[in-house]
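A.B. asks: What would the 3D arrangement of this be:
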Amino acid sequence: MRVAVLGGGLQGCTTALALADRGVEVVLFDRNEALLSRTAIANEGKIHLGYMYAADPTLATAKTMMAGALAFAPFFERHLGIAVDAHATSMPAAYVVHRDSQHDVDEASAYLATVHGLIREAAEGRRDDYFGLDITPLRRWSCSERDASFDADAAVAVFETPEVAINPVALAGAVRERIAGHPLIEVRLGATIRSACMDGDRATVEWDGLDGPSREGFDHAVNALWDGRLALDEKLGLRPSRPWIHRLKYGVSFTLPDGVERPQSATFISGPFGEVVSYPDRLTYLTWYPSCLRGYSSDLVPPNWQTHPDEPLHGEIVRDTFAALSEIVPSLGTIDPETLPDARVKGGVIVAWGKTDIYDPESELHQRYQIGVMSSGRYHSIDPGKLTMAPYFAEACASRICGEF
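C.D. replies: Sure thing, here's the model as predicted:
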């Protein structure tokens with residue numbers, strides 16, 4: 001069997017690995033000069049356990065995310081040989097209820113406790129699967145603990161969680177290396193997919209490559225494109241029946257200067273806020289939604305937004321992000337962002353179902369459970385929703401293609 005996987009982001013790469021592990025020959029296409037070079041490495045790398053989705057009272061999003069989170073590290077142990085506890089992970093995140101939260105402290109506390117109980121049930125018998133971390137009982141910080149790390153006026157309450165992020169750049173390097181050496185995976189870079197269609201019992205893929213336009217037949221085709229997935233689906237008559245939004249969000253990363261207290265990893269809830277991701281090696285990632293959200297589009301294909309913005313936008317994002325987060329995290333206020341030698345701004349497209357932004361508590365963007373693998377004959381389209389879900393849906397797609405269920 002020979003399968004075309006379209007898109008060399010994390011979803012495409014994990015799908016290629018899952019198929020090749022089953023003895024399937026894979027041709028992995030990507031339009032860029034390298035695999036995993038755009039959105040996959042332009043985010044904070046959070047591996048969501050479901051705590052963020054209090055606006056989904058059904059808990060369906062939380063249950064989906066925790067299934068993906070518990071499958072994440074075991075996938076890479078199986079395919080890359082990286083032990084579940086050997087990933088470059090951040091300090092666990094504190095969930096901080098912001099004074100302007102869409103949910104008050106009691107609501108947030110009840111939701112977090114419910115989700116944490118579900119996580120502990122899901123992790124029963126597989127407690128090491130979440131990066132080898134102990135999923136201990138959720139704990140609310142004392143006022144003195146909160147005041148030592150956060151501004152008390154902005155941070156109404158703080159809850160300790162086991163949720164971590166992985167360094168996406170480090171993971172991308174390991175995945176690229178494994179794929180480059182895999183005998184069953186052929187990589188075709190500089191290939192912009194034009195169409196995929198069913199031709200009898202074959203899936204025909206057409207693309208523009210370095211040597212001009214080409215077409216080839218495969219036993220199956222997997223659409224693992226990120227910002228181009230919807231447009232390719234439409235060419236097969238699979239236009240979605242619900243609205244979608246493409247958003248461009250940037251983040252700021254830098255090495256924490258010597259002598260500066262390492263900030264607590266934190267996720268600020270609920271609403272258009274942001275995060276601090278703090279790694280043991282002093283790598284620090286910041287994002288603040290009002291400062292870092294720089295583009296919207298409801299087109300099938302979003303604009304070709306810059307991954308690394310030029311000046312003056314670069315400097316504006318750095319300054320505004322530091323200014324906003326310093327009001328909540330005092331240790332960040334001791335840093336002059338203009339003096340950071342390695343401050344980097346990188347961004348990627350967020351693709352999600354919904355018509356309104358997260359400022360709206362009723363927005364579908366708060367619900368990320370109607371995602372996964374959609375198949376039409378020998379054509380399969382994967383909507384991962386979040387980076388967290390890529391390995392989980394890769395295995396699901398590979399199982400479907402190989403007739404395992």
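
A.B. asks: ok but residue 323 is inside a helix, no?
C.D. replies: Yes - according to DSSP: H, G, I helix; E, B strand; the rest coil, residue 323 belongs to a helix.

A.B. asks: List the residues that contact it.
C.D. replies: Applying C-beta atoms under 8 Å, 6 or more residues apart in numbering, we find residue 323 in contact with no residue. For glycine as for every other residue, the C-beta is placed from the backbone atoms N, C-alpha and C.

A.B. asks: Quickly note the distance from it to residue 152.
C.D. replies: 19 Å (C-beta to C-beta, to the nearest Å).

A.B. asks: repeat for residue 322
C.D. replies: Using C-beta to C-beta, residue 322 is found at 20 Å from residue 152.

A.B. asks: Which one of those two is surrounded by more residues?
C.D. replies: residue 322 (24 against 10; other C-beta atoms under 10 Å).

A.B. asks: wait, doesn't that one sit right on residue 335?
C.D. replies: Yes - between residue 322 and residue 335 there is a contact under C-beta atoms under 8 Å: 6.9 Å.

A.B. asks: tell me, how many neighbours does residue 158 end up with?
C.D. replies: Residues lying near residue 158 (other C-beta under 10 Å) number 21.

A.B. asks: isn't residue 381 right up against residue 229?
C.D. replies: Yes - with contacts counted by C-beta under 8 Å, residue 381 reaches residue 229, the gap being 6.2 Å.

A.B. asks: what residues do those two have in common as contacts?
C.D. replies: Common contacts of residue 381 and residue 229 (C-beta under 8 Å, 6+ apart): residue 223.

A.B. asks: average pLDDT across the top helix by length along the chain?
C.D. replies: If you go by DSSP state H, the chain has its longest helix at helix 60-80. Computed over helix 60-80, the mean pLDDT rounds to 96.

A.B. asks: again, but for stretch 319-329
C.D. replies: The model assigns stretch 319-329 a mean pLDDT of 97.

A.B. asks: For that stretch, C-alpha coordinates in CSV please.
C.D. replies: C-alpha atoms of stretch 319-329 as CSV (Å, rounded to 0.1, in the frame of the first residue of the first chain):
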residue,chain,number,x,y,z
ARG,A,319,6.8,45.8,24.1
ASP,A,320,3.0,45.4,24.3
THR,A,321,3.2,41.8,25.5
PHE,A,322,5.7,42.6,28.2
ALA,A,323,3.7,45.7,29.3
ALA,A,324,0.5,43.7,29.7
LEU,A,325,2.0,40.7,31.4
SER,A,326,4.2,42.7,33.7
GLU,A,327,1.0,44.1,35.3
ILE,A,328,0.1,40.5,36.4
VAL,A,329,3.6,38.9,36.8
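
A.B. asks: just how off-centre is that stretch within its chain?
C.D. replies: 23 Å (C-alpha atoms, centre = their mean, to the nearest Å).

A.B. asks: Could you give the bridge partners of residue 344?
C.D. replies: residue 253 (DSSP bridges).

A.B. asks: give the contact list for residue 249.
C.D. replies: 43, 287, 289, 292, 293, 294, 347, 348, 350.

A.B. asks: buried sites along the host helix or strand of it?
C.D. replies: According to DSSP states H and E, residue 249 maps onto strand 244-255. By neighbour count on 16 or more other C-beta atoms under 10 Å, the buried set for strand 244-255 is 244, 245, 246, 247, 248, 249, 250, 251, 252, 253, 254.
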